[in-house]
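>>> Take a look and give me a structure for this.
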Amino acid sequence: MKRPLRAPALLAPALVFAASAHAGTLTVEITNVRNGAGMVHIDACTQAQFLKEDCHYDASVSARPGMVVLTIHDIPDGVYAFQAFHDENRNGKVDRGLFGIPKEGIAFSNDAPIHFGPPSWKDAHIAVSGTKTIRMKMRYLTGASGPAGN
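Residues are numbered from 1 along each chain as shown. All right, here's what the predicted structure looks like:
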């Protein structure tokens with residue numbers, strides 16, 4: 001009689017794992033893109049990957065003035081910080097000027113503040129579960145601060 005009770009107990013950890021491995025779709029609206037040159041790229045980063053180049057989930061779209069929409073498919077439920085940049089010259093990296101200041105637009109989830117350096121994980125991280133849409137504002141630290149007319 002005890003065998004039927006053991007089987008559900010053995011399956012419970014597997015069911016918990018399957019539920020935690022759920023993947024969804026994240027839509028990211030990035031506003032304030034200053035022009036249509038190049039691409040806009042976004043990375044979804046775990047805490048260990050944040051502010052690095054080895055984030056496992058990413059997307060890119062052609063730039064256009066104003067707002068672009070990117071979609072990351074099959075992103076597992078979890079906690080991530082999102083970092084984006086406007087790759088105006090399509091060289092695959094954020095170009096930097098004097099003192100390492102980005103010459104191209106950058107954006108972070110929660111529009112995390114930038115104070116004399118990149119934002120903290122604490123300010124940028126968000127929980128992602130299932131289908132979700134977030135909005136971020138592109139910020140330009142040199143040159144025009146957004147699309148013409150803004």
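
>>> hang on, isn't Cys76 packed against Leu26?
No Cys there; residue 76 is Pro. No - under the contact definition of CB atoms under 8 Å, Pro76 does not touch Leu26, with a separation of 10.6 Å. For the C-beta atoms, the positions are set from N, CA and C on the backbone; glycine is no exception.

>>> When the two are compared, which one has more neighbours?
In terms of neighbours (other CB atoms under 10 Å), Leu26 is the more surrounded of Pro76 and Leu26; the figures are 25 against 15.

>>> Need the contact partners of the helix or strand containing that one.
Under the assignment given by DSSP states H and E, the secondary-structure element containing Leu26 is strand 23-33. Counting by CB atoms under 8 Å, 6 or more residues apart in numbering, the neighbours of strand 23-33 from elsewhere in the structure are 40, 42, 44, 59, 63-77, 82, 84, 86, 105, 107, 128-139, 145-147, 150.

>>> Please repeat the previous calculation with a cut-off of 7 Å.
For strand 23-33, the external contacting residues (CB atoms under 7 Å, 6 or more residues apart in numbering) are 40, 42, 63-77, 82, 84, 86, 105, 107, 128-138, 146-147.

>>> now stretch 142-150
In contact with stretch 142-150 (CB under 7 Å, 6+ apart) are residues 32-34, 65-66, 97, 101, 103, 140.

>>> now swap in stretch 40-56 and tell me
Among residues not part of stretch 40-56, those counted as contacts by CB under 7 Å, 6+ apart are 28, 30, 33, 57-61, 63, 68, 70, 72, 75, 80-87, 118, 121.
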